[in-house]
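K.L.:
sequence first, predicted coordinates after that:
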Amino acid sequence: MELLPSLLSTLKSADPDSLDQEYSTVRSRTIALKKDLGLTSEDGALKENIKKNRYKDILPYDQSRVVLSPLTSDSDSDYINASFIKGASADNKYIAAQAPLSSTVTDFWRLIWQNNIKVIVMACREVEMGKKKCECYWSAPQQSIAFGPFTVYSQGETRPNEDLVIRNLTVTFQQDSRSLVQYQFLSWPDHDVPYEASGVLDLLERARTSQGARTSPLLIHCSAGCGRTGVICALDYIHDLLVTGQITADFSIMKIVLELRLQRPSAVQTKEQYQFVFTAVACLFQRVLRSASRPAYSNLPEGKKEERKKNTSSSDRLSLQTNMSDTYAVVNKSRHSQPPTTSPAYSVVNKPRSGSSSSNRTLPLSHHYDNDGPGSSAAPVYSTVKPRAKPLSQQHSATPIYDTATPANHRPGEGPIASKDNGEYQLLPADLPPPTDDDYEDVTCSAPGTASLCSPGGIGFNCRVQKPRGPRDPPAEWSRLER
């Protein structure tokens, strides 16, 4: 515990440019160690197994892959795109898996049943950017669905916040039933990072509570089972180091990520995700230090608990904005096919901190993958846009900075994302000043029981003129008779 303040200071002072260089070192060392250790992916590349991979270049290592047992018949294949990952205090603490395909849903449930999985963390949506990212392997609430010999019943689902869906499932196989819980995190764009770290840390707290003292692995998957999945594994691994007292002076996130990548290919897949690990770990250390200096949470009154939650979330958000120079969010993918060396494939919105420059500028970012072949283009696939800072009066009602499943043909008027001008989409200004108290004047009728133009539902504008109380006598000249 005494090391945490100094480690936290180091994490906060980490420079984004140095982290980019560090991530490049991780990638190069992964390639060298993979060769030295003789890590292979031959089973996943077999002709009968290649169609079971969602992405042909993300194959599990033979040395750490999950081998399925023949549950349903002797002809069952033993292959699934999933890997065992060691924990801080136990072997096979996690299973990192790709999201199931329509042809591998039964195999996915074979994996769950064989390893007695009790908790699933799903870090993706079923559809993202108009593409199918995960086959639905659960049923609608209060309904059952069969996947081969497995029958899955959904007891119900809850949404404690806009980021999370919790599903309680029961799976039955050969008259035997088991219960498990699935946590689906909705606010994590593919190849990108969430806006704030608190949502991911809260997700892991819930998952650990559901897991309890069980020794069965925690099943974690996104679409490919490497980028977002690797980040979650790294954060939970570091949490275990904390609670088991294994944090030492030579604590290194780079070493942890490198170790994960030798068990699951491309774990923590992008430099933005690598930076997010540092930010989230800093938030985690802050939480631990706060809890150590305050009374036990369970002994606090309910009002104090809510205040503690709000302060924690605010602090996590502040830490993320302070330590990361860029927060990215996928908004739209261009419909037109552009050469990778001349045009970004995605547009990305950067939510600035208060007081940031009001000028807009675009910075090219390089986006690398472990599976880039030799000589492949290192062209930027993201661009950043920095809008004007919002006034302080509007910061408490910030709108989401990304759309996790916005199709490429988003039309104007469907949402506040963009307006169309000459065929191009541009960001709408979100920093309009609030109306002042002098814009309108409220006047209340003095006579009780009479209607007013200022009353709810009235259509008047100048409320200084009140409605006459009764009919008036006509002018005298109106009553003169014409002769």
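P.N.:
Cool, the structure landed. Numbering: from 1, shown residues only.
K.L.:
what's residue 144 sitting at in phi/psi?
P.N.:
phi -120, psi 150 (degrees, to the nearest 10).
K.L.:
swap in residue 89?
P.N.:
phi -130, psi 0.
K.L.:
hey, C-alpha coordinates of the helix or strand where residue 203 lies in PDB?
P.N.:
Per DSSP states H and E: residue 203 is located in helix 198-211. Once non-C-alpha atoms are left out, helix 198-211 reads as follows in PDB (Å, rounded to 0.1, in the frame of the first residue of the first chain):
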ATOM      1  CA  SER A 198     -15.200   4.200 -14.000                       C
ATOM      2  CA  GLY A 199     -17.600   2.200 -16.100                       C
ATOM      3  CA  VAL A 200     -15.100  -0.500 -16.800                       C
ATOM      4  CA  LEU A 201     -13.900  -0.600 -13.200                       C
ATOM      5  CA  ASP A 202     -17.500  -0.800 -11.900                       C
ATOM      6  CA  LEU A 203     -18.100  -3.600 -14.400                       C
ATOM      7  CA  LEU A 204     -15.200  -5.600 -13.100                       C
ATOM      8  CA  GLU A 205     -16.400  -5.100  -9.500                       C
ATOM      9  CA  ARG A 206     -19.700  -6.500 -10.300                       C
ATOM     10  CA  ALA A 207     -18.100  -9.500 -12.200                       C
ATOM     11  CA  ARG A 208     -15.900 -10.200  -9.200                       C
ATOM     12  CA  THR A 209     -18.800 -10.100  -6.800                       C
ATOM     13  CA  SER A 210     -20.700 -12.600  -9.000                       C
ATOM     14  CA  GLN A 211     -17.700 -14.800  -9.300                       C
END
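K.L.:
contacts made by the helix or strand that that helix is followed by with the rest, please.
P.N.:
Where DSSP H and E defines the elements, the next helix or strand beyond helix 198-211 is strand 218-221. Taking contacts as Cβ atoms under 8 Å, 6 or more residues apart in numbering, the residues outside strand 218-221 that touch it are 93-99, 111-112, 115, 117, 119-124, 134, 207, 211, 229, 232-233, 236. Using the backbone N, CA and C atoms, a C-beta is placed for each residue, glycine as well.
K.L.:
what's the model's confidence in the next helix or strand after strand 218-221, averaged?
P.N.:
Following strand 218-221 in sequence order, the next helix or strand is helix 227-243 (DSSP H and E). Taken as a whole, helix 227-243 has an average pLDDT of 96.
K.L.:
for residue 97, which non-adjacent residue is spatially closest?
P.N.:
Of all residues not flanking residue 97 in the chain, residue 82 sits nearest, at 3.6 Å (Cβ to Cβ, 6 or more residues apart in numbering).
K.L.:
the one you found and residue 94 touch, don't they?
P.N.:
No: applying Cβ atoms under 8 Å as the test, residue 82 and residue 94 come out as separate, 10.2 Å apart.
K.L.:
residue 84 and residue 115 touch, don't they?
P.N.:
No: Residue 84 is beyond contact range of residue 115, at 9.2 Å (criterion: Cβ under 8 Å).
K.L.:
hang on, the earlier thing: what about the residue nearest to residue 97, distance to residue 70?
P.N.:
17 Å (Cβ to Cβ, to the nearest Å).
K.L.:
the two - which one has more neighbours?
P.N.:
residue 82 (26 against 11; other Cβ atoms under 10 Å).
K.L.:
scan the protein for its longest strand.
P.N.:
Criterion DSSP state E: the longest strand present in the chain is strand 150-161.
K.L.:
which strands or helices does the helix or strand just after that strand pack on?
P.N.:
As assigned by DSSP H and E, the chain's next helix or strand after strand 150-161 is strand 164-173. On a contact count with 3 or more Cβ pairs under 8 Å, 6 or more residues apart in numbering; DSSP states H and E, strand 164-173 meets helix 105-114, strand 150-161, strand 176-185, helix 198-211.
K.L.:
tell me where the model's unsure across the stretch 101-250 of the chain.
P.N.:
Of all residues in the stretch 101-250 of the chain, none has pLDDT under 70.
K.L.:
name the next helix or strand downstream of the helix or strand hosting residue 35, please.
P.N.:
Using DSSP H and E, residue 35 maps to helix 16-37. Later in the chain than helix 16-37, the nearest helix or strand by DSSP H and E is helix 47-50.
K.L.:
and the contacts of that following helix?
P.N.:
By Cβ under 8 Å, 6+ apart, helix 47-50 touches 43, 44, 56, 77, 79.
K.L.:
quick check: buried residues in that helix?
P.N.:
Judged by neighbour count (16 or more other Cβ atoms under 10 Å), helix 47-50 contains these buried residues: residue 49.
K.L.:
same check, this time on stretch 254-271
P.N.:
254, 256-258, 260-271.
K.L.:
count the neighbours of residue 194 for me.
P.N.:
So residue 194, with other Cβ under 10 Å, has 26 neighbours.
K.L.:
same check on the one 3 residues further on?
P.N.:
Residue 197: 27 surrounding residues under other Cβ under 10 Å.
K.L.:
ok, now the one 5 residues further on?
P.N.:
For residue 202, the number of neighbouring residues by other Cβ under 10 Å comes to 19.
K.L.:
one more: residue 19?
P.N.:
22.
K.L.:
likewise for residue 161?
P.N.:
Neighbour number of residue 161 under other Cβ under 10 Å is 10.
K.L.:
do the one 4 residues further on as well
P.N.:
Residue 165 is flanked by 17 other residues according to other Cβ under 10 Å.
K.L.:
ok, it - contacts?
P.N.:
Counting by Cβ under 8 Å, 6+ apart, the residues that residue 165 touches are 157, 158, 159, 183, 184, 186.
K.L.:
tabulate those in JSON lines, adding columns for distance to residue 25 and neighbour count.
P.N.:
Compiled in JSON lines, the contacts of residue 165 are given as follows (distance: Cβ to Cβ, whole Å; neighbours: other Cβ atoms under 10 Å):
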{"residue": "157", "distance to residue 25": "42", "neighbour count": "16"}
{"residue": "158", "distance to residue 25": "43", "neighbour count": "10"}
{"residue": "159", "distance to residue 25": "41", "neighbour count": "11"}
{"residue": "183", "distance to residue 25": "33", "neighbour count": "19"}
{"residue": "184", "distance to residue 25": "34", "neighbour count": "21"}
{"residue": "186", "distance to residue 25": "33", "neighbour count": "18"}
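K.L.:
ok, the residues you listed vs residue 245, which is closest?
P.N.:
residue 183 (27.2 Å; Cβ to Cβ).
K.L.:
for that closest one, which non-adjacent residue is spatially closest?
P.N.:
Residue 183's closest residue in space is residue 121 (Cβ to Cβ, 6+ apart), at 5.2 Å.
K.L.:
which strand residues bridge that neighbour?
P.N.:
Beta-bridge pairing of residue 121 under DSSP bridges involves residue 183, residue 220.
K.L.:
tell me how far it lies from residue 177.
P.N.:
Note on residue 121: its distance to residue 177, by Cβ to Cβ, is 22 Å.
K.L.:
out of those two, which sits in the busier spot?
P.N.:
residue 121 (27 against 10).
K.L.:
I figured the more buried one hits residue 207, correct?
P.N.:
Yes: under the criterion of Cβ under 8 Å, residue 121 makes contact with residue 207 at 5.5 Å.
K.L.:
common neighbours of those two, please.
P.N.:
Contacts common to residue 121 and residue 207, judged by Cβ under 8 Å, 6+ apart, are 183, 218.
K.L.:
the residue nearest to residue 187 when sequence neighbours are not counted: what's it in contact with?
P.N.:
Once flanking residues are discounted, residue 187 sits nearest to residue 163: 4.4 Å by Cβ to Cβ, 6+ apart. The contact partners of residue 163, taken as Cβ under 8 Å, 6+ apart, are 185, 186, 187, 194, 199, 203.
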